[in-house]
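In: What would the 3D arrangement of this be:
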Amino acid sequence: MRVSRGTVVAAVVVLSTMGLAGSAEAAPVRAAPAQGATSADNCDWLSDNDVVGDSGHATSGDRQVTIYTAKATDAYAKAAIEGYVARYDKVWIDRSINLFTMGSSPGHPSTSTVQSNGGWKQCGPFEATWWNASWNYLETPTVRLQQSGKSYAVRACMMPKDSNTSTCTAWFVDHT
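Out: Numbers count the residues shown, from 1 in each chain. The predicted model follows:
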């Protein structure tokens, strides 16, 4: 049997109208805390309205997690898995509780330095739906990056569905 594009579009419209289509949004997943409380409540939910740039990435198998930071406003950061996303992959972004002094180039403090500076909060994790997997893209809400001339340390983390190990980028502190 051959299905025309019109039939597929009509089916999507019907499913969407009936509320049976999957959501394009990543659904928060309540998981055991890696460090402190994990929740969507720990996201800052700033408006995502700026050009972003890759401020670091890490890979695990065929997946890549990237930390994106706002370039014009320097206001926020977010994490994304790109390239290949499988349903049930998880992504989150960690943001330090306290601010760091910015230098003339980006900083990359160690986890122990971030911990001794007050620790961090975790925005997420968010779990990939079938929709995210079909588009091979999953991102977190935003967290604040700069405030009062200083920068929070941020890092992007992921856990592929077939792994018990998380992979994170290096911590990133923005620059002046």
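In: Now do residue 137 against residue 58, distance only.
Out: Look at residue 137 and residue 58: by CB to CB, to the nearest Å, they are 17 Å apart. All C-beta spots, glycine's among them, are computed from the backbone N, C-alpha and C.
In: show me where the protein has strands.
Out: With strands called from DSSP state E, the chain shows them at 27-28, 38-39, 52-60, 63-70, 76-82, 90-101, 120-127, 137-139, 143-144, 146-147, 150-159, 167-168, 172-173.
In: how far does the fourth one sit from the chain's center?
Out: What it means is strand 63-70. 7 Å (CA atoms, centre = their mean, to the nearest Å).
In: That one - what's its average pLDDT?
Out: Confidence for strand 63-70, expressed as mean pLDDT, is 96.
In: what helices or strands is it leaning on?
Out: strand 52-60, strand 76-82, strand 150-159 (3 or more CB pairs under 8 Å, 6 or more residues apart in numbering; DSSP states H and E).
In: Just give me the neighbour total for residue 119.
Out: Neighbours of residue 119 under the rule other CB atoms under 10 Å: 13.
In: Without its sequence neighbours, what residue ends up closest to it?
Out: Nearest residue to residue 119, sequence neighbours excluded (CB to CB, 6 or more residues apart in numbering): residue 97, at 5.3 Å.
In: returning to that earlier point: make a markdown table from the helices and strands packed on strand 63-70 and add distance to residue 66 to it.
Out: Formatted as a markdown table, the helices and strands packed on strand 63-70 follow (distance: least, CB to CB, whole Å):
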| stretch | distance to residue 66 |
| --- | --- |
| strand 52-60 | 4 |
| strand 76-82 | 5 |
| strand 150-159 | 6 |
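In: So which of those strands is nearest residue 103?
Out: Ranking the helices and strands packed on strand 63-70 by their distance to residue 103 (criterion: CB to CB) puts strand 150-159 first, at 9.6 Å.
In: picking that back up, between the strands of the chain, which gets nearest to residue 46?
Out: strand 76-82 (4.4 Å).
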